[in-house]
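Peer 1: coords please:
(2 chains)
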Number of protein chains: 2
Amino acid sequence: MRIVSLAGGIGGARFLRGLKAAAPGSDITVIGNTGDDITLFGLRVCPDLDTVMYTLGGGIDEEQGWGRSGESHVVKEELAAYGVEPQWFGLGDRDFATHIVRSQMLAAGYPLSQVTEALCDRWQPGVRLLPMSDDRTETHVVISDENGRRAVHFQEWWVRLRASLPAEQIGLVGAEDATPAPGVLEAIGEADLVILPPSNPVVSIGTILQIPGIRAALEDKTVVGVSPIIGGAPVRGMADACLTAIGVETSAQAVLELYGSRLIDGWLVAEEDKGVALDGVTVEARPLLMDSPEATRDIAAAALSLAHTLHA
Amino acid sequence: MRIVSLAGGIGGARFLRGLKAAAPGSDITVIGNTGDDITLFGLRVCPDLDTVMYTLGGGIDEEQGWGRSGESHVVKEELAAYGVEPQWFGLGDRDFATHIVRSQMLAAGYPLSQVTEALCDRWQPGVRLLPMSDDRTETHVVISDENGRRAVHFQEWWVRLRASLPAEQIGLVGAEDATPAPGVLEAIGEADLVILPPSNPVVSIGTILQIPGIRAALEDKTVVGVSPIIGGAPVRGMADACLTAIGVETSAQAVLELYGSRLIDGWLVAEEDKGVALDGVTVEARPLLMDSPEATRDIAAAALSLAHTLHA
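Peer 2: Coordinates of the predicted model:
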């Protein structure tokens, strides 16, 4: 069975681990969000791709959900001793090596998709991990503070400010001119079904959908989404802050409407969100808390099962 | 008193520490060798500049003579786990931070001299450290092995091969088109005296002398050199292998002749090399083993004292 999944960071990566467990022997292609990517200290950092790669490849810091297990922070402390900014982004020594390899390959002219493949040679995530695009795009967030109204990189809002200032606008700079990475449209075209994990609907899934051609390709497919909102609150992360920024309510209903029935065929909601409905979409309610690998596998299995029903 | 000193790596840096101790209150400018510089993993590494900076700034691994004290090697191990080459160059985590800052500044357009100044802001080496040139030059070594006769980067011969294959030729690629870094000729012009530490006469001092304009500027000055050879053997390092490559005997006499009497006014040799002589050069014999900070300070003091005599 050929499955395509879109993914953001921590939540998406954990869901994918469940999906692998629920569909052993399947051929899974993951289209990863690169809108969060950032250049720090001259090195290209791809937080979401790395979180997926480390999580599925066994290198993740399980407790934190991102970064490497057994991590140390010597390089970061030394950079701080040089007074180099920013100091609010937590890069560990092991993680630095990934960014050094990536940056060296990018500088040598390899596109991000080939770089990601090379990094995955080591990690063997058990899925084919593709960046949404080889073109550089960046999610920027408009905020207002004592310096006035200005756009900052998503990571500055998310990590430095912990989304404490309201996002007035969220946009993907470079989206119009970006094209899907090699293999993305082909994988979607050949997929038997598509699963949307409970990743952030604005800055993860929403970002991927902004790359011209990806949404249209998905609309031809059987797509089942897992609601990232349970009873009015995000499963994890700060999806509510992002939804508010684009004028969407934090609810399983509103996120379904945001994605729309042209994209979504099946929608899994939590039991407390049973009433959710949209014409042309089959909604099922079940426990959606990813509080253990087994629970996560069961959610993925339910999404697959719903997709099979719709696909048949 | 304004002193200019040329310097390579370990030996030069240790001598400079002695020079600082011997000439407190002096204004010392160090012109550092950058022919050993190498780009590793996309990062620009300047081994000699860093050895001087760390040694004089209190950050050196004293036993090893290069690299940072209290060093760890997580990044290097991770790069090896990715299969990235080369793995024979020992970069520690603390040291990596220096190369990351340097590379980021170079990529932003700052010349190496400004980058070095910025790095020294942290280390406060107590001297003004200038690269010999902002232009990129690289010492290459011609060797013959099972792959035939070929030129390799100096570091590959020195570090990977431990100079085990004879150097058939040693050259500074890019020398003809290089110009001295800003401040170099000015510092020489304003100097009261110039001291050549017992650095490698071929790949350290000899390299600096190849940058057009530097040797000529030095020839107008009172220059005292400390012989890097004691009784037919290098004080440290593998100067003999480099001297052989350029057809020069490993002796205090031959190195003095290599530098020549137009450059050198005073020459300090070890007591076992008492017979050394060259027209126009004042030779003095004294203990030259830098086996303690005090002994090193005494050698520097002797060089200064000889220079004062000649200058007067």
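
Peer 1: So which residues on the stretch 51-200 of chain A come close to chain B?
Peer 2: Neighbours of chain B within the stretch 51-200 of chain A, by C-beta under 8 Å from any C-beta of the partner chain: A:72, A:74-75, A:78-79, A:81-84, A:93-94, A:96-98, A:100-101, A:103-104, A:107, A:119, A:121-122. Using the backbone N, CA and C atoms, a C-beta is placed for each residue, glycine as well.

Peer 1: one more time with 7 Å, if that's ok
Peer 2: Proximity of the stretch 51-200 of chain A to chain B, by C-beta under 7 Å from any C-beta of the partner chain, involves residues A:72, A:74-75, A:78-79, A:81-82, A:84, A:93-94, A:96-97, A:100-101, A:103-104, A:107, A:122.

Peer 1: For chain B, see how far away the closest residue to residue A:271 other than its chain neighbours is.
Peer 2: In space, and not counting its chain neighbours, residue A:271 is closest to residue A:285: 4.9 Å by C-beta to C-beta, 6 or more residues apart in numbering or on different chains. Taking C-beta to the nearest C-beta, to the nearest Å as the measure, residue A:285 falls 44 Å from chain B.

Peer 1: mind checking pLDDT for residue A:285?
Peer 2: pLDDT, residue A:285: 97.

Peer 1: In this structure it contacts residue A:269, no?
Peer 2: Yes: the pair residue A:285 and residue A:269 passes the contact test of C-beta atoms under 7 Å, sitting 5.2 Å apart.

Peer 1: and the two? which has more neighbours close in?
Peer 2: Taking neighbours as other C-beta atoms under 10 Å in any protein chain shown, residue A:285 and residue A:269 compare with residue A:269 leading, 26 against 18.

Peer 1: Which part of the stretch 101-250 of chain A gets nearest to chain B, residue-wise?
Peer 2: residue A:104 (3.6 Å; C-beta to the nearest C-beta).

Peer 1: Model confidence for that residue, exactly?
Peer 2: pLDDT, the model's per-residue confidence, is 97 for residue A:104.

Peer 1: And the one 10 residues further on, by the same measure?
Peer 2: The score at residue A:114 is 98. That number is its pLDDT.

Peer 1: Look at the residue nearest to it when sequence neighbours are not counted and tell me its secondary structure.
Peer 2: Leaving out its chain neighbours, the residue that sits closest to residue A:114 by C-beta to C-beta, 6+ apart is residue A:105, at 7.4 Å. With DSSP: H, G, I helix; E, B strand; the rest coil as the basis, residue A:105 sits in helix.

Peer 1: Tell me the buried residues in the one helix or strand residue A:115 maps to?
Peer 2: If you go by DSSP states H and E, residue A:115 is part of helix A:112-123. Across helix A:112-123, burial judged by 16 or more other C-beta atoms under 10 Å in any protein chain shown covers A:112, A:113, A:115, A:116, A:117, A:118, A:119, A:120, A:122, A:123.

Peer 1: OK, contacts around the last one?
Peer 2: Spelled out, it's residue A:123. By C-beta atoms under 7 Å, 6 or more residues apart in numbering or on different chains, the contact set of residue A:123 is A:53, A:54, A:57, A:59.

Peer 1: Dump those into JSON lines; add secondary structure as well.
Peer 2: Converted to JSON lines, the contacts of residue A:123 look like this (three-state DSSP):
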{"residue": "A:53", "secondary structure": "helix"}
{"residue": "A:54", "secondary structure": "helix"}
{"residue": "A:57", "secondary structure": "helix"}
{"residue": "A:59", "secondary structure": "coil"}
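
Peer 1: Out of the residues you listed, which comes closest to chain B?
Peer 2: residue A:59 (9.7 Å).

Peer 1: list the contacts for the closest one?
Peer 2: A:68, A:69, A:123.

Peer 1: Residue A:65 versus the nearest residue to residue A:183 once chain neighbours are set aside, what's the distance?
Peer 2: Excluding the flanking residues, the one nearest residue A:183 by C-beta to C-beta, 6+ apart is residue A:130, at 5.3 Å. Distance check for residue A:130 against residue A:65: by C-beta to C-beta, to the nearest Å, it reads 22 Å.

Peer 1: More neighbours: which of the two?
Peer 2: residue A:130 (26 against 17).

Peer 1: can I assume that one is in contact with residue A:184?
Peer 2: Yes: contact criterion C-beta under 7 Å: residue A:130 and residue A:184 qualify, at 5.5 Å.

Peer 1: Now list whatever residues contact both of the two.
Peer 2: By C-beta under 7 Å, 6+ apart, the residues touching both residue A:130 and residue A:184 are residue A:31.

Peer 1: Which helix or which strand is home to residue A:172?
Peer 2: strand A:169-173.

Peer 1: Kindly spell out which helices and strands sit in contact with that strand.
Peer 2: strand A:138-145, helix A:239-245 (3 or more C-beta pairs under 7 Å, 6 or more residues apart in numbering or on different chains; DSSP states H and E).

Peer 1: How many neighbouring residues does residue A:24 have?
Peer 2: With other C-beta under 10 Å as criterion, residue A:24 counts 7.

Peer 1: That one: which element?
Peer 2: Per DSSP H and E, there is no helix or strand for residue A:24.

Peer 1: Need the three-state assignment for residue A:208.
Peer 2: helix.

Peer 1: wouldn't it be in contact with residue A:218 here?
Peer 2: No: Residue A:208 is not in contact with residue A:218 according to C-beta under 7 Å; the separation is 9.3 Å.

Peer 1: All the strands of the stretch 201-312 of chain A, residue numbers only.
Peer 2: Listed in chain order, the strands of the stretch 201-312 of chain A (DSSP state E, counting those that start in this stretch) span A:223-226, A:229-230, A:233-234, A:266-269, A:282-285.

Peer 1: Good, wrapping up.
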